[in-house]
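Student: Sharing a model that was predicted from the sequence below.
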Amino acid sequence: MNIKRNILLNPGPSTTSDSVKLAQIVPDICPREKEFTGIMKPMRDDLVKIVHGDPDEYTSVLFCGSGTICIDITLNSLLDEGKTAVVVQNGSYSQRACDVIRAYGLPLVELVQPLDKAVDLEYIDDALSKIDNIGYVYMTHHETGSGLLNPIREVGALAHKYGAFFITDTTSSYAMIPINVYEDNVDFCMASAQKGIQGMTGLSYVIGRRDIIEKSKDFPVRSYYCNLYLQYECFEKTGEMHFTPPVQTVYAAKKALEEYFAEGEDAKWQRHMSVMKAIHDGEDRLGLKEVLPRQIQSGLVSAVRYPDDPNWDFDRVHDYCYERGFTIYPGKIEALGTFRLCALGLIYPEDIEGFWKVFEEALTYFGIEIPVRYD
Ligand SMILES: *Cc1c(COP(=O)(O)O)cnc(C)c1O
């Protein structure tokens, strides 16, 4: 089978290998058969291994849904009665977390920080010291909307200093930026198969401390479908998801994990960084300006400001590139015209060189000045 290879520069779903795509094509199977459930136990261990957890202390719980399901599940399931949720809010994904907490009507303190600067740890420390009964502190590791990388290790330590546990949304960093749950003070993290492991959409997972999950048995159940303990209990007892799993996506994830471990944590991260270097080199050559200084970027997402050229039109440039196999993505920073170029997925610096050729062609075709103009 010959499958066209598209270079996705959007922040996930990302470019995958043909072997992962083809792993979805399996004989029909009832997911309650041992042949299928037998795949999930080693998969759960592998997901813990990626962040260097001891499987006796950390576990992973799989869900059928996009990445946001893990935000919903951790936030609604891990807050005990009488406790307050604290969210460091400095981007569109931590904003989403706040929206989730509000939707459940739970007590929330937002620690709002600028979108384009490193968080102020002294401010966080001081603010936490003044909040009573913190249940958890939540932070997005990599704010995918802007590309900002947050200091989870430091903020995790602060959460622990005030007796709270630390939840971090690592959806757009997990299996890319090396994470160690012990060194990084992570009690819970999360991801989705279409991002770091280079699998398909529809399977997401929470990775976290068993003792806290066990304790959360006595916390209020606020959702029937999206409850961490209930799904964990089901996995522990039966090895299965409570309800129908995304069968073909699970097969693809199994293959993707094999390929993840074959490539290796360090080599994979080096590859992503070399892709981002090729992205940065092209930006510098064409005079494109980014929103964030490079020192505080994740190395996975570059948010580029729209040029001020009157002929610039994101949609037209997007379509030109798309027709030639390259997908660029609008930004997510309100009040700023931006687009994003991302280094997720199974892509290489050569793919980015190919992209810049097409992008430059598009600029010329639409009469946009090179180097691009900013007023
Ligand atoms: C992609 C992503 C998610 C999940 O988004 P979905 O559209 O629900 O898959 C959550 N958090 C971050 C930081 C992300 O990048």
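Tutor: That came through fine.
Student: Would you mind listing the residues in contact with Arg5?
Tutor: Contacts here follow CB atoms under 8 Å, 6 or more residues apart in numbering; on that basis Arg5 touches Thr15, Gly325. Where C-beta positions appear, they are placed from N, C-alpha and C, glycine not excepted.
Student: Which secondary structure element is home to it?
Tutor: Under the criterion DSSP states H and E, no helix or strand holds Arg5.
Student: Report the separation between Asp141 and the ligand.
Tutor: Heads up, residue 141 is His, not Asp. Noted for His141: a distance of 7 Å to the ligand, by CB to the nearest ligand atom, to the nearest Å.
Student: thinking that residue is in contact with Cys189, fair?
Tutor: Yes - with contact defined as CB atoms under 8 Å, His141 and Cys189 form a contacting pair (7.4 Å).
Student: Check the contact lists of those two and give me the overlap.
Tutor: Common neighbours of His141 and Cys189 (CB under 8 Å, 6+ apart) are Thr168, Asp169, Thr170, Ile179.
Student: Can I take it that the last one is in a strand?
Tutor: It refers to Ile179. No - according to DSSP: H, G, I helix; E, B strand; the rest coil, Ile179 belongs to no strand; its state is coil.
Student: That one reaches Val51, doesn't it?
Tutor: Yes - using CB under 8 Å, Ile179 is in contact with Val51, at 4.7 Å.
Student: Now for those two: what residues contact both?
Tutor: Both Ile179 and Val51 are contacted by Thr170, Val186, Cys189, under the criterion CB under 8 Å, 6+ apart.
Student: Tell me the one of the residues you listed nearest the ligand?
Tutor: Thr170 (7.7 Å; CB to the nearest ligand atom).
Student: What distance do you get for that closest one to Leu47?
Tutor: 11 Å (CB to CB, to the nearest Å).
Student: How about Tyr182?
Tutor: Distance from Tyr182 to Leu47, counting by CB to CB: 16 Å.
Student: Who has more neighbours out of these two?
Tutor: Using other CB atoms under 10 Å, the more surrounded residue of Tyr182 and Leu47 is Leu47, with 26 against 12.
Student: Excluding sequence neighbours, find me the nearest residue to whichever residue of the chain sits closest to the ligand.
Tutor: Minimum separation of the chain from the ligand (CB to the nearest ligand atom) falls at Gly67, amounting to 2.5 Å. When the adjacent residues along the chain are set aside, Gly67 lies closest to Ser192, with 3.6 Å between them (CB to CB, 6 or more residues apart in numbering).
Student: That neighbour pairs with what?
Tutor: Ser204 (DSSP bridges).
Student: Am I right that Gly287 is in contact with Pro371?
Tutor: Yes - contact criterion CB under 8 Å: Gly287 and Pro371 qualify, at 2.9 Å.
Student: what helices or strands is the lowest-mean-pLDDT helix or strand in the chain leaning on?
Tutor: The helix or strand of the chain with the poorest confidence is strand 329-330; it has a mean of 90 (mean pLDDT, DSSP states H and E). The helices and strands touching strand 329-330, judged by 3 or more CB pairs under 8 Å, 6 or more residues apart in numbering; DSSP states H and E, are strand 338-342.
Student: how about the CA coordinates for the helix or strand Val100 falls within, as CSV?
Tutor: Secondary structure from DSSP H and E places Val100 in helix 92-103. Provided in CSV are the C-alpha atoms of helix 92-103 (Å, rounded to 0.1, in the frame of the first residue of the first chain):
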residue,chain,number,x,y,z
SER,A,92,-4.6,28.6,26.2
TYR,A,93,-4.3,25.1,27.6
SER,A,94,-4.1,26.3,31.3
GLN,A,95,-7.0,28.5,30.4
ARG,A,96,-8.8,25.4,29.3
ALA,A,97,-8.0,23.7,32.6
CYS,A,98,-9.6,26.7,34.4
ASP,A,99,-12.7,26.4,32.2
VAL,A,100,-13.0,22.7,33.1
ILE,A,101,-12.7,23.4,36.8
ARG,A,102,-15.4,26.1,36.5
ALA,A,103,-17.7,23.8,34.5
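Student: which of the residues in the following helix or strand past that helix are buried?
Tutor: On the C-terminal side of helix 92-103, the closest following helix or strand by DSSP H and E is strand 108-112. By neighbour count with 16 or more other CB atoms under 10 Å, strand 108-112 contains the buried residues Leu108, Val109, Glu110, Leu111.
Student: Contact partners for the last one?
Tutor: This means Leu111. Leu111 touches Val86, Val87, Val88, Gln89, Tyr123, Ile124, Ala127, counting by CB under 8 Å, 6+ apart.
Student: Compare these and tell me which has the most neighbours.
Tutor: Val88 (27 neighbours).
Student: List of residues touching the least confident helix or strand of the chain?
Tutor: Outside strand 329-330, the residues within contact range by CB under 8 Å, 6+ apart are Leu9, Asn10, Pro11, Phe314, Thr338, Phe339, Arg340, Leu341, Cys342.
Student: was I right about Thr168 contacting Val186?
Tutor: Yes - with contact defined as CB under 8 Å, Thr168 counts as touching Val186 (5.7 Å).
Student: which parts of this structure sit against the ligand?
Tutor: Residues of the chain lying close to the ligand by CB under 6 Å from any ligand atom are Pro11, Gly12, Ser66, Gly67, Thr68, Tyr93, Thr140, Thr144, Asp169, Thr171, Ser172, Ser192.
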